[in-house]
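# Dropping the sequence and predicted coords here.
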Amino acid sequence: MNQFHVCPHSTHATAHCERRAVCAFGLARVRGRFTSAARPDARVIAVERSPAALAWARRNIGEHVGRGGRLVELRGGDITDQRLLADLDGTADLVTANPPYVPDGTQVEPEVARFDPPEAVFGGADGLALIRPLISIAAGLLQVGGRLAIEHDDTHGETVPALLRARRVLTDVVEHPDLTGRPRFVTATRVRMTAASGTATGGTDA
C-alpha cells in the first residue's frame, strides 16, 4: 500500500495496495502511525511547503521510524504544484484533506492564534482558497471507485458539498457533522467519465 501525506500548507495522502492508493491532505504524523500499524505494507509520501514545518516533519518521521514505523518519503513543495504528485495520478483509493479553511479575519481560539501559523489556519476571504484547487487535485489522484474526504469550516456545510457535486467525476457526496453536531467534513466517490456521453459512471479500471 502506498501512502501520501501532505501537511496543512500542502497535502498528504495514503496510496496503494496492489497498485491502489489513498491520499490524505493534512497533518501526517498521527495518520502515518495509524496507517502503518493497520497496513504494514503502506508506502507513505509526505509533502510540506513550509521550510520550518519541513524540518519538523523530518524530525517526526525519524521518531516514527525509530519506534518501528514504516519509513515516510518526504516531498518539499506546494500541493497546488501540478508536478508534485504527477507520478501518483489515478492511483489513490482514498484522499483525505484537512487544509487551511478558516475564513480570513475570523476570531479563533487563543491557543490557535498564539501557536498555529496563520497559513495553516486561514484559507482566504471565504476559507476556500485551497479547497477549490484541492478538489481537482484529489480527483486526479483518485482511481475509479476511490473515496475523497475533506474537512472544512462549519460555515461551509453547503458550499463545499456543492463544489464537489459540480464535478462530474465525483458522486455520492455526503456531508458529515463533527462531535458537536456542526458540519465538518464531506465525502465523495470518484467515478469514470465516459468519452462518448461525457457522463460519469461507476466501476473499476480495466
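Everything's here; your move.
# how about the strands in this protein?
Assigned by DSSP state E, the strands in the chain fall at 2-6, 11-14, 21-25, 43-48, 72-76, 92-97, 142-151, 170-177, 183-190, 192-193, 200-201.
# Save those as TSV, and put in mean neighbour count, distance to L164 and mean pLDDT too.
Quick note: C-beta positions are derived from backbone N, CA and C, even for glycine. Below are the strands of the chain laid out as TSV (neighbours: other Cβ atoms under 10 Å; distance: least, Cβ to Cβ, whole Å; pLDDT from 0 to 100):
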stretch	mean neighbour count	distance to L164	mean pLDDT
strand 2-6	30	19	36
strand 11-14	34	17	36
strand 21-25	29	14	50
strand 43-48	26	22	72
strand 72-76	19	26	81
strand 92-97	26	11	80
strand 142-151	21	7	92
strand 170-177	15	5	97
strand 183-190	21	5	96
strand 192-193	14	15	83
strand 200-201	14	12	61
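# Among those strands, which comes closest to I61?
Closest of those to I61 is strand 72-76, at 4.5 Å (criterion: Cβ to Cβ).
# quick one on the thing from earlier: how about the strands of the chain in CSV, adding distance to E109?
Converted to CSV, the strands of the chain look like this (distance: least, Cβ to Cβ, whole Å):
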stretch, distance to E109
strand 2-6, 24
strand 11-14, 24
strand 21-25, 22
strand 43-48, 24
strand 72-76, 29
strand 92-97, 21
strand 142-151, 16
strand 170-177, 19
strand 183-190, 16
strand 192-193, 42
strand 200-201, 40
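# now for those strands, which one comes closest to V160?
Across these, V160 has its closest neighbour in strand 183-190 (5.2 Å, Cβ to Cβ).
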